[in-house]
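1. the sequence isn't on hand, but the structure is:
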């Protein structure tokens, strides 16, 4: 088993496994793609009419993609996908692949463990050790450490501590403060559908503060699925305070608009804004604990 750093794939005698991308390599070997997390490039790949290779995703990501399609929140998603169950070694050609639950601030992210002829490789493209699911990170770190990896492929960039990163808990506290202190009875909400867990918490918060919340139709159905609540427009709260979701638009941030951290000022989605890479000291601790023979950063 060899790892091609430039093109992000693993190659064996029988197959080529691409991580979060696909390149038309001139090879007769069978090719597979594993989508390990949500990103703009990965969504574009999944919107192709015909996928160029058999493609695997996690259980949770497949569920979300199904719902995004059903509720018409994302167009043209190709759901001709294979699902990797959590914690089970799946034979793929001459390898075995295990998906491990991960937290990158969005829904459906996984860490990957590949084994071939006693060679062992761990791959995590994006992870947030300060997220709300820290136990998932600890679990794959411990698993990788126990396997005594030959290769560790880790998503990492130098962290700029001046970046205004805010945890999900911090985001909710800011939203709560905004709603409690708002002079206006009408606040606007601009969100993305890629973190239904956080959407459910925002909905709970709005109701707790006696706000009527008016989700866009697809979002209302998405949240209802994950929360099993029935959203009814004709069931107002006890006050006239209203939280209204609207389509994201380019605007100057004001105190009457609550926006997802994924949304840039031009209204476009930036998947890199929802988490922070570990600090240099935290990275050293991770690498020392896992103790892989070779480490690559992507």
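-> It's in. Only a predicted model underlies this, so the values are computations on that prediction, with no experimental measurement involved.
2. for the residue lying closest to residue 27 once chain neighbours are set aside, which three-state class applies?
-> The shortest distance from residue 27 to any non-neighbouring residue, by Cβ to Cβ, 6 or more residues apart in numbering, is to residue 16 (6.2 Å). Backbone N, C-alpha and C define where each C-beta goes, glycine included. At residue 16 the chain is in strand, as set by DSSP: H, G, I helix; E, B strand; the rest coil.
3. show me what residue 16 is bridged to.
-> residue 11, residue 31 (DSSP bridges).
4. gap between it and residue 125?
-> 17 Å (Cβ to Cβ, to the nearest Å).
5. of the two, who's got more company?
-> residue 125 (24 against 21; other Cβ atoms under 10 Å).
6. dump the residue contacts of that one.
-> 19-20, 36-37, 104, 155, 298 (Cβ atoms under 8 Å, 6 or more residues apart in numbering).
7. repeat that for residue 222.
-> So residue 222 contacts 67-68, 71, 73, 193, 196, 199 (Cβ under 8 Å, 6+ apart).
8. which element is it on?
-> In this assignment (DSSP states H and E), residue 222 forms part of helix 217-227.
9. show me where the stretch 151-298 of the chain has helices.
-> 168-181, 196-208, 217-227, 280-290 (DSSP state H, counting those that start in this stretch).
10. out of the ones you listed, which comes closest to residue 4?
-> helix 280-290 (21.3 Å; Cβ to Cβ).
11. mean confidence for that closest one?
-> Here helix 280-290 scores 92 as its mean pLDDT.
12. show me where the stretch 101-250 of the chain has strands.
-> 110-116, 119-124, 151-154, 186-190, 212-214, 242-245 (DSSP state E, counting those that start in this stretch).
13. how about the ones you listed in a markdown table, adding mean pLDDT, mean neighbour count and distance to residue 268?
-> Shown next, in a markdown table, are the strands of the stretch 101-250 of the chain (pLDDT from 0 to 100; neighbours: other Cβ atoms under 10 Å; distance: least, Cβ to Cβ, whole Å):
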| stretch | mean pLDDT | mean neighbour count | distance to residue 268 |
| --- | --- | --- | --- |
| strand 110-116 | 96 | 24 | 26 |
| strand 119-124 | 95 | 24 | 26 |
| strand 151-154 | 94 | 22 | 27 |
| strand 186-190 | 84 | 18 | 12 |
| strand 212-214 | 88 | 19 | 24 |
| strand 242-245 | 80 | 19 | 17 |
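14. would TSV of the ones you listed with distance to residue 259 be doable?
-> Conversion of these to TSV gives the following (distance: least, Cβ to Cβ, whole Å):
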stretch	distance to residue 259
strand 110-116	28
strand 119-124	28
strand 151-154	30
strand 186-190	4
strand 212-214	16
strand 242-245	11
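15. for residue 275, which of these is the nearest?
-> Once the strands of the stretch 101-250 of the chain are compared by Cβ to Cβ, strand 119-124 is nearest, at 12.3 Å.
16. name every strand pairing with that closest one and say which way it goes.
-> strand 110-116 (antiparallel), strand 151-154 (parallel).
17. helix or strand: which one has the closest residue to residue 113 other than its chain neighbours?
-> Excluding its sequence neighbours, the residue lying closest to residue 113 (Cβ to Cβ, 6+ apart) is residue 98, at 4.3 Å. Assessed by DSSP H and E, residue 98 sits inside strand 95-101.
18. against residue 42, how distant is the most centrally placed residue in the chain?
-> Nearest to the mean C-alpha position of the chain, counting by Cα atoms, centre = their mean, stands residue 106 at 3.1 Å. Taking Cβ to Cβ as the measure, residue 106 falls 11 Å from residue 42.
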